[in-house]
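> sequence first, predicted coordinates after that:
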Number of protein chains: 2
Amino acid sequence: MRAVVLSVGNELLRGDIVDTNAAFLTRQLSQLGFQVERVEQVGDDLTGLTRAVRSALEAAEVTLATGGLGPTQDDLTRQAIAEAVQEEVREDPGLVAELESRFAMMGRRMPVRNRQQALLIPSAQPIPNPNGTAPGWYVVTNGRIIASLPGPPGEMQPMWNEWVRPHLEELLPERPAMLSLMTFGLGESAVEERIDDVIHWRPDVTIATYAKSAGVEVHVTARAATGAEAAQLVEEAEAVLRSRLGDAIFGTGDDTLTSVGGRMLKQQGLSLAVMESCTGGELASMITDNPGSSSYFQGGIVAYTAEAKARYGVDAAVMAAHGLISAETAISMAGAARREFQADVGLGVTGVAGTEPVEGRPPGTVFVALNAADGDEVREIHRPGRRGIVKDFAAQCALDLLRRHLEAALRQAV
Amino acid sequence: MRAVVLSVGNELLRGDIVDTNAAFLTRQLSQLGFQVERVEQVGDDLTGLTRAVRSALEAAEVTLATGGLGPTQDDLTRQAIAEAVQEEVREDPGLVAELESRFAMMGRRMPVRNRQQALLIPSAQPIPNPNGTAPGWYVVTNGRIIASLPGPPGEMQPMWNEWVRPHLEELLPERPAMLSLMTFGLGESAVEERIDDVIHWRPDVTIATYAKSAGVEVHVTARAATGAEAAQLVEEAEAVLRSRLGDAIFGTGDDTLTSVGGRMLKQQGLSLAVMESCTGGELASMITDNPGSSSYFQGGIVAYTAEAKARYGVDAAVMAAHGLISAETAISMAGAARREFQADVGLGVTGVAGTEPVEGRPPGTVFVALNAADGDEVREIHRPGRRGIVKDFAAQCALDLLRRHLEAALRQAV
């Protein structure tokens, strides 16, 4: 079943606010199994808004609108819906009484302009709003549904959860199941090349790839008559995807490289320390974004110069022989971090985040290294781009090196 | 002149990401003086996307599209535009060569499917993308303009700033002049209270406030027949705004607390070092986001535990007497950072970024301190919220302490 989401308000067209309502509702609708056809942000303008409602009614069985239900002249969603479905608005005595009692509870007399919040059309029933003055509309007409909700998320979300969502669930013939596999180390096109045939496996299973700030997400949605059947389809797809993508997969759902690394460090009872040059603190900051990181993260040092690196234990002879931007220095930094903080695992990052070559190494060249009791690992990366992009990618690569090391340790332990 | 913004990608219709691109572009367009008719988020579906492009061309002179320019089968924006304007795509040899050399720089062979990123139509010219493989399209046809940009903001925004925006400015009948004043230390409503009357000064000058991750931006746009007249209006507005907002203003335009601090450190020939606890590396990372930071940033230490802090010079007696989360420990950390790295200025940050109180201090309590030859400064902050919010705000407060210190030094030197 198809859906369209409309967000109403001039502030959305001026970029004064980001439309988080649309993100909330599209996610909810997708999880229910609706096919969201499109989202539209429209201004407080009756002609444009009426056009948008009409066009939504043509495109989808269900239209969800937020915003434009306030008491001012700018609040035109009720009128636009009435025009689109060609019905007349009338004041509903029950809603007037409710609004008046709401204002009485606040010790105020209801302003005249709030009476427009008591308007209804014949095919609409009011959706209660426990957190504000604007009731919603649930319109059922000609096989189409329009749910109109107020814009403030603190009012809209409870109305969705308690009223609209349960009503919409009854309309659906199929139950959905979903899964996200998170990968790192392959580009989006490389991921797609590996799973090309799986993507077109069957029509009731949708598989799509998304480039994320760290790696590529592979998202699976299946629909079936029962939830169990849908889950079974997702499970079958997962098995094939895992066999194709192998250890590029680092987790599922909301997993990040830092949360996955943190979980394995805790499981294995290991502690971590870092020494960074070109990432300038971002690797430590990513690690400490993870709640509970203080239980395994011992600390970090940001050292640009050879002197600072040597002061914290990086081998001066190695730096002199191989340069600051080298695999050998990255390894020495990882070992120095481990010793400085008496940690089980050390990570070291050195590279060129600026726009000029350093020691003959082009911008975007980075070495990430890991040192642990059983030895060293190092990787050379080339990622040209803005400073922030290089820093970010280099820090993610260091976290990926860590999680692969910890996965290997887990496999050996089994 | 009217504009429509299209955002392309199934992930927007599943609510996996919030559409910040639309917020960015609608804001930019409004500031330039465009009337944004609507925003639409559409999926990776050729029919729906082609309809959206056609409908945008009917509604507005300018269409800005983001997303759908990647190398996969899901990336259909190029084809949709071609269908909407009824032209044939062809591979552009120059773009193929550029893509191949980009992959060669990364030490990889270009996957075959990336060739679709080298497609053009006769009425399109490519928009260079210095930060990714997808060039944009700038289509001029039948009195209409379509600018198609990649979805990742780190690629899209530089392409907008450096290429699309200057081209669009030439279309406008009036010349705009703009100014952003960046403030830190006042909430958005406090800023608005101070400048309430200025906001309604005159119709050809628009003044708006925007809450940013660091502080509040006050944006001024003036429109006039000539650029000089518009600039004069902006200048008059600026003088009044500066008198109202005083030293809350830390810069203009793209200035950040870290770029402003860096500029003043360079001017004054001073170096900087940091020691962080609750910000976990984010302060150092913000400092090193600034190009050229290696000339003044000596380094940083992330130390959670009392042992680690003491190892790098924090006074154990101070920590024992006042606790780790205290003004005194923050000051001792700032001094220790300064000594460890032989820097002129040291910053120290300690606080509670997690959800549980520490040493009786509630979550969101942070102390930021500065140590320099002429003494210490310290500030106590209370900013409850998610871990990331506390970290971010605390790091910004430390940078604000630094820039106020450096501004005072400059005033004394004058």
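Arrived safely, thanks for sending.
> quick one, phi psi at A:E40?
Dihedral angles of A:E40 (phi, psi; degrees, to the nearest 10) stand at phi -140, psi 130.
> for it, give me its contacts.
A:4-7, A:52, A:56, B:38-41 (C-beta atoms under 8 Å, 6 or more residues apart in numbering or on different chains). C-betas here are computed from N, CA, C, even on glycine.
> nearest spatial neighbour of A:Q116, skipping sequence neighbours?
Among residues not flanking A:Q116 along the chain, A:P71 sits closest, at 6.3 Å (C-beta to C-beta, 6 or more residues apart in numbering or on different chains).
> can you verify that neighbour is assigned to a strand?
No. A:P71 is assigned coil when assessed by DSSP: H, G, I helix; E, B strand; the rest coil, not a strand.
> okay but it is in contact with A:V112, surely?
No. Between A:P71 and A:V112 there is no contact under C-beta atoms under 8 Å: 9.2 Å.
> who has more neighbours, the two?
Between A:P71 and A:V112, counting by other C-beta atoms under 10 Å in any protein chain shown, A:P71 is the more crowded of the two (17 against 8).
> the more buried one and A:M159: what is the separation?
From A:P71 across to A:M159, the span is 17 Å (C-beta to C-beta, to the nearest Å).
> now swap in A:E37 and tell me
In this view, A:E37 and A:M159 are 22 Å apart by C-beta to C-beta.
> ok, now A:M275?
From A:M275 to A:M159 the distance is 52 Å (C-beta to C-beta).
> repeat that for A:F184.
Computed as C-beta to C-beta, the A:F184 to A:M159 distance reads 39 Å.
> ok, back up a step: neighbour count: A:M275 and A:M159, which is higher?
Taking neighbours as other C-beta under 10 Å, A:M275 and A:M159 compare with A:M275 leading, 33 against 24.
> ok but that one is inside a helix, no?
No. A:M275 is assigned strand when assessed by three-state DSSP, not a helix.
> show me what contacts it?
By C-beta under 8 Å, 6+ apart, the contact set of A:M275 is A:300-303, A:309, A:312, A:314, A:333-334, A:336-337, A:340, A:346-349.
> go ahead and confirm A:E91 touches A:A118.
Yes. Under the criterion of C-beta under 8 Å, A:E91 makes contact with A:A118 at 5.3 Å.
> settle it for me: which of these two has more neighbours?
Using other C-beta under 10 Å, the more surrounded residue of A:E91 and A:A118 is A:A118, with 22 against 12.
> surely the more buried one touches A:L95?
Yes. Taking contacts as C-beta under 8 Å, A:A118 lies within contact range of A:L95: 3.8 Å.
> please enumerate the shared neighbours of the two.
Residues touching both A:A118 and A:L95 (C-beta under 8 Å, 6+ apart): A:P135.
> quick one, helices of the stretch 1-150 of chain A?
Taking DSSP state H, counting those that start in this stretch, the helices of the stretch 1-150 of chain A run over residues A:10-13, A:20-32, A:46-59, A:77-84, A:93-105.
> return the set of buried residues in the second one.
This means helix A:20-32. A:21-30, A:32 (16 or more other C-beta atoms under 10 Å in any protein chain shown).
> who's in contact with it?
For helix A:20-32, contacts defined as C-beta under 8 Å, 6+ apart pick out A:3, A:5, A:7, A:36, A:39, A:41, A:62, A:64, A:66-67, A:151, A:153, A:156-157, A:160, A:165, A:168-169, A:172, A:176, A:178, A:221, B:12-19, B:41.
> now, which of those lie within strands?
Residues of the contacts of helix A:20-32 located in strands (DSSP state E): A:3, A:5, A:7, A:36, A:39, A:41, A:62, A:64, A:66, A:176, A:178, A:221, B:41.
> grab the nearest non-local neighbour of the fifth one.
This points to A:V39. Excluding the flanking residues, the one nearest A:V39 by C-beta to C-beta, 6+ apart is B:Q41, at 3.9 Å.
> which ones are touching that neighbour?
Applying C-beta under 8 Å, 6+ apart to B:Q41 gives the contacts A:22, A:26, A:38-40, B:6-9, B:12-13, B:19, B:22.
> between the residues you listed, which is closest to A:A214?
Each of the contacts of B:Q41 was scored against A:A214 by C-beta to C-beta, and B:G9 proved nearest at 17.8 Å.
> separation between the residue nearest the centre of chain A and chain B?
Taking C-alpha atoms, centre = their mean, the centroid of chain A lies closest to A:D254, which sits 8.1 Å from it. Distance of A:D254 to chain B, computed by C-beta to the nearest C-beta, to the nearest Å: 11 Å.
> doesn't that residue lie inside a strand?
No. Looking at A:D254 with three-state DSSP, it is coil, so not inside a strand.
> what's the pLDDT at it?
At A:D254, the pLDDT value in this model is 84.
> which parts of the stretch 151-300 of chain A are strands?
Secondary structure of the stretch 151-300 of chain A (DSSP state E, counting those that start in this stretch): strands at A:175-183, A:205-211, A:216-224, A:249-252, A:272-276, A:297-303.
> can you say which of those strands is nearest to B:R263?
Judging the strands of the stretch 151-300 of chain A by C-beta to C-beta, what sits closest to B:R263 is strand A:297-303, at 20.5 Å.
> how about that closest one: buried residues?
By 16+ other C-beta under 10 Å, the buried positions in strand A:297-303 come out as A:297-303.
> deepest of the helices of the stretch 1-150 of chain A, which one?
Across those, the average number of neighbours (mean count of other C-beta atoms under 10 Å in any protein chain shown) peaks for helix A:77-84, which reaches a mean of 23.
> send the alpha carbons of that helix over as PDB?
Extracted in PDB, the C-alpha atoms of helix A:77-84 (Å, rounded to 0.1, in the frame of the first residue of the first chain):
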ATOM      1  CA  THR A  77      -4.300  22.600   6.000                       C
ATOM      2  CA  ARG A  78      -7.900  22.100   7.000                       C
ATOM      3  CA  GLN A  79      -9.200  24.300   4.200                       C
ATOM      4  CA  ALA A  80      -6.800  22.700   1.600                       C
ATOM      5  CA  ILE A  81      -8.000  19.200   2.500                       C
ATOM      6  CA  ALA A  82     -11.700  20.400   2.300                       C
ATOM      7  CA  GLU A  83     -11.100  21.900  -1.100                       C
ATOM      8  CA  ALA A  84      -9.200  18.800  -2.400                       C
END
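> now the angle between strand A:35-42 and it, please.
Helix A:77-84 runs at 120 degrees relative to strand A:35-42, counting by axes from the mean of the first three to the mean of the last three C-alpha atoms, to 10 degrees.
> helices of the stretch 151-300 of chain A, start to end?
In the stretch 151-300 of chain A, helices defined by DSSP H, counting those that start in this stretch lie at A:153-159, A:165-169, A:188-199, A:227-245, A:257-268, A:282-288, listed in chain order.
> could I get these as JSON lines with distance to chain B and mean pLDDT?
As requested, the helices of the stretch 151-300 of chain A are arranged in JSON lines below (distance: least, C-beta to the nearest C-beta, whole Å; pLDDT from 0 to 100):
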{"stretch": "helix A:153-159", "distance to chain B": "12", "mean pLDDT": "92"}
{"stretch": "helix A:165-169", "distance to chain B": "14", "mean pLDDT": "89"}
{"stretch": "helix A:188-199", "distance to chain B": "4", "mean pLDDT": "89"}
{"stretch": "helix A:227-245", "distance to chain B": "15", "mean pLDDT": "95"}
{"stretch": "helix A:257-268", "distance to chain B": "11", "mean pLDDT": "97"}
{"stretch": "helix A:282-288", "distance to chain B": "3", "mean pLDDT": "97"}
